[in-house]
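Student: predicted model and sequence below, questions to follow.
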Amino acid sequence: MYHPPAPKSQSFSFAPSVDPAATLNVGPAAPATVTWQPSAPLNNYDFGFTNYGFGTNNVFGANGVDIDHFFAAGMDSVNYNRHRNPVLEVFGEYNTPLWPLNEDVGEYNMPTNDFDQFGGSLLVPNEPFTDPFTDSFNTFNGDEVHTGIQDQTTALLEPAPKTDKKRGSGKKSTDTNKKMNKKSPPGDNKVGKTKKAPTSKKTEAKKAEAVKKAAAKQAEAVRKTVAAPEVTVTIQTYEDHIEEMERMAKIVINDQKKQVQPEKQLGENVNIVSTPNGVYVTGVFWRAPDNDISIPTTQAQENALVARLVEALRHNQGCLESETGNEFINRWVDGATYYYPYEFDALARELLYENLFQHEYQDTMVDIHQNGWTKSVKDRSLRDTFQETMYFTFEERFDFLVTLLKQSKTTCRDLLKGERFFTVVGNPKALIKRTKSNKSANVQKKDTLGVGTAAKKRAREEMEEKEHVPVKRILFRSKVNMTASQRDEVLSKLSTHVRSLESNLQNILQSNAAKAKWKWPAEAMGVVQKMRQLGEDVTGKLREELDWVLAWPNKELANPKYFYGRKDLPFDRNEDWFENVMGFNKYEICYTFTDGWDKVELMATFLIPDNLEPGDKCPVVWNFHGGGFCTGAGDHIPWYSKTTLEHAKKRKAIVIAPDYPLGPEGNYKDIVDSIRDFLRFYKEDGCFEKGEVNWTQWLVKKIGKDVTIDKDRVIIEGESAGAHAAVTALFLNADINNGTKLNINAALLRYPMLAHYQRSFPSNGQPLNYMNYKVSEEDVKKQAEAIVAAVEELERYGLVPTRAKGYAPQYMAPAFLLSTTKMWKDMFKRKHEHRAAGSSRDTMDCIERASKCLKDVEHKYLPPIVMYHGHDDANCPYEDAEQFKEILTKYKPSPYIENETFFLERVTQLSEKNGVVGNQSSEVGHGFDYALSAEREPFLERAYNRVDGFWLMRE
């Protein structure tokens, strides 16, 4: 470990920072030679070391409180540092231990841990700029002491007094004044001065008086003339300062390399430990400077830094990468949806020090500057590169990082992928130079290779297509900031807190457990709200690992907007399709909340046809969406059947599409519980909306017309997995003991998923096609195992977050991955930790339910069923539909008679394919009816005519 001492005196006068536009910095960067025009001042601040805001609001105008100034008790007014703020009435000038300070002719000042030695703080009354400076109380009427770059007006009024570099010693005022008036020795480190022979006191006094008069005369000229002579001040630039810091670090590195012991070559506090299990290198390799007040210490300061990092990550102007490339357009242009907004915030906090629940981890930026560098790097060159930053302050490292992220989107991409974390944090300055060099080299290379590069790329793509190169994925992001024990500790504490809240809720509900949730007492709903808020606060962190493995095979194919605005039907639809194309107004309401730890609200989408008239009596369509129980939503436009809405509008029917918990986070019981709650909500006309008692009254108000909701005239639709949910609803409604026993007129099941979802790879070992990607069985298995592992980790703590919406292809991959690896069934039949398991019926598929539960339902509440199914469906085999029909029609006494109350049509031919009318096709498949029309497809016309026969004619 090498602890850097306070540097020796150097002729420095610092410019503010790498990023002069940053909120925490002051003024523009100063060049090597600055020519001051003695005219009206641009501001009242010097170009000193970086300014930070301190106080209750942490912001003191554009420039903040300049912490490189000082105040010592007893000093006369000339020696007060004067900073004014146009917003605050008063503000404190904090004299915080800091090295280097630069007001003593650019000299370094020794650090101190004695706060009193710097004289405490001073409240300076605020007032508008005046010349000369005065304060409201006329107490500190004097010039600000500047011996570096000076305020443009006060620098010319009179020469700055000489000060002792250990200023603010904390002695009595008489001693302090003596020290402040003490002459500097000949050749002291004044900018632009060289050693001269000593002169007499009398000569010095005459010179000082002459300088004072000349300055006063020159200041008077400023007031009377537009142009004035130029005064040139030569300073050392910020770049020179950084180079000096690096030079000093290299001296330390070279000294270490001369050591004999290997661990001493790495640092003074490094251990090389040999154990039976291997060799380990541990310890602190180097430390950053002490007393670094630029390290954030409050939540507000941290949030300000996070905001700057997020801005840098999103920055998309003047970047090194081509702004016309596909990757840049997909990821970085305004409006790009490749990354979710929370991912930028999460990365920014990880770069600082925060990960799950504000836990601090090793070798993040804050940890480096508080505790030193502890990451063992085996590459000597890279290790030295990191140590070259050992004299940087936190702010200097941070500003270089901001600059790097703004100019290099490749670096941003790699960080978001979980790569290059230490390389970026270790020395962002070096990467700035390297990325620029790479840019220049790439441009030259591109010019050289020309057409040959494009030809090679085409050849490579053709080879990959031919050889079925599998999709490569990183299964887990490296948890560089958290150990297993730390993560266990955090999750265990959260789990305990959740269990406590749940216990409190159950105690409140002892006599109210059977009540509908919208009738729970206020005390119980207060606990529910606390649990929901807790879930909202931490779910983003809990989902980081989970969402990483669910977004497969890449982010583009998990984009919720991917199926919008395309050329291929039905994905040519836009987000206004309900209203502007189909003529439906959309509303949404909560119908229940989950029983899980996070109490997530479950929403029902209401689609109201725009052709309703006062006096209409509107029947109802329940529509359950598909998606393999892993994705989908009641308002997911691309997967809506055009015929469903045309039929509803023709009948002036209201469509109600309830969401339900989705897997792999959710399970069968979660889905069954939500359907049970929906049936009760519908029957009892409940409502969670503030000021409303019934959902029907709420809806009529939204419609704005005097219409009636005909709740007893209901059909139920479901497509794919939604048909599974619909069948579940039928049996729950008709249950002898606990059924809601609603009058459901008919059920339309479209290519239903009736068995536990299961697919297979070809027996010849060929890859499967997912979204036009050829994927191998091995890669699919690894990814599915990663998903199961991520869910099971959270399940052990009872903290699997609830998800009730997925806009395909978002979250669509888990259905494919788990079904093809035969893991889907076990995931959905599993029991949640710390929660009741439910009955065996809650985990049945439709075929099992038909086989075992017909004796337990009132048959008169089982409606007629109409089904159609593609003959070549690879997702949900047609044979399952046949088996389901056989069970229901063969049962004695059966509620179903084939071709009277149960219809199954095997679809073998489509009259329209890929949006081309007359394009006859025997390839039917799954999910084939979204864009079809009943006018051109006879099977659709037959299906809806059968439904109408029960729905509109049945009394």
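Tutor: Ah, there it is. Numbers count the residues shown, from 1 in each chain.
Student: how's this structure carved up into domains?
Tutor: As assigned by automatic domain parsing, the chain contains the domains 1-236, 299-463, 557-760+838-951.
Student: which one of these has the lowest average pLDDT?
Tutor: In terms of average pLDDT, domain 1-236 trails the rest of those, at a mean of 36.
Student: where does Asp598 land in three-state SS?
Tutor: Classification of Asp598 by DSSP: H, G, I helix; E, B strand; the rest coil places it in coil.
Student: now it: how far from Leu952?
Tutor: Asp598 sits 42 Å away from Leu952, going by C-beta to C-beta, to the nearest Å. No exception for glycine: its C-beta is placed from N, CA and C like everyone else's.
Student: likewise Glu243?
Tutor: Counting by C-beta to C-beta, the separation of Glu243 from Leu952 is 85 Å.
Student: which residues does the residue nearest to Tyr930 when sequence neighbours are not counted contact?
Tutor: The spatially closest residue to Tyr930, leaving aside those adjacent along the chain, is Pro570, at 4.0 Å (C-beta to C-beta, 6 or more residues apart in numbering). Shown here is Pro570, whose contacts under the criterion C-beta atoms under 8 Å, 6 or more residues apart in numbering are 638, 642, 930-931.
Student: could you do Asp826 as well?
Tutor: Asp826 neighbours (C-beta under 8 Å, 6+ apart): none.
Student: which positions in the helix or strand hosting it come out as buried?
Tutor: Here Asp826 sits within helix 824-829, counting by DSSP states H and E. Buried residues in helix 824-829, counting neighbours by 16 or more other C-beta atoms under 10 Å, are found at 824-825, 827-829.
Student: now stretch 928-944
Tutor: 928-932, 934, 937, 939-940, 943-944.
Student: now do the same end-to-end measure for that stretch.
Tutor: The first residue of stretch 928-944 is 16 Å away from its last residue (C-alpha to C-alpha, to the nearest Å).
Student: which residues touch that stretch?
Tutor: Against stretch 928-944 from outside (C-beta under 8 Å, 6+ apart): 569-570, 638-643, 646-647, 719, 748, 750-751, 866, 868, 870, 903, 905, 907, 910-912, 915, 917.
Student: returning to what we had before: which of Asp598 and Leu952 has more residues huddled nearby?
Tutor: In this view Asp598 and Leu952 are compared by other C-beta atoms under 10 Å, and Asp598 has more residues nearby, 22 against 14.
Student: ok, and the closest non-adjacent residue to that one?
Tutor: Gly535 (2.8 Å).
Student: helix/strand/coil for the one you found?
Tutor: When classified by three-state DSSP, Gly535 comes out as helix.
Student: based on its surroundings, how many neighbours for Glu396?
Tutor: Neighbours around Glu396, by other C-beta under 10 Å: 24.
Student: now do the phi/psi pair for Ile715.
Tutor: Geometry field for Ile715 lists phi and psi as phi -120, psi 160, criterion degrees, to the nearest 10.
Student: that one contacts Asn743, correct?
Tutor: No: using C-beta atoms under 8 Å, Ile715 is not in contact with Asn743, being 10.9 Å away.
Student: of those two, who's got more company?
Tutor: With neighbours defined as other C-beta under 10 Å, Ile715 and Asn743 compare such that Ile715 has more, 27 against 13.
Student: in the sheet, who's paired with the more buried one?
Tutor: Bridge pairing for Ile715 (DSSP bridges) gives the partners Val621, Ala746.
Student: show me what contacts it?
Tutor: Here Ile715 is in contact with 619-622, 744-748, 863, 947, 950-951 (C-beta under 8 Å, 6+ apart).
Student: and which of the residues you listed is nearest to Glu268?
Tutor: Of all the contacts of Ile715, Trp622 has the smallest distance to Glu268: 72.3 Å, by C-beta to C-beta.
Student: with adjacent residues omitted, what lies nearest to the closest one?
Tutor: Nearest residue to Trp622 in three dimensions, chain neighbours excluded: Ile716, at 4.5 Å (C-beta to C-beta, 6+ apart).
Student: the one you found reaches Thr644, doesn't it?
Tutor: No: taking contacts as C-beta under 8 Å, Ile716 lies outside contact range of Thr644: 11.7 Å.
Student: return every residue with contacts to both of the two.
Tutor: Counting by C-beta under 8 Å, 6+ apart, the residues touching both Ile716 and Thr644 are Val621.
Student: which residues touch Ile671?
Tutor: When contacts are counted by C-beta under 8 Å, 6+ apart, Ile671 is found next to 629, 660-661, 725, 728.
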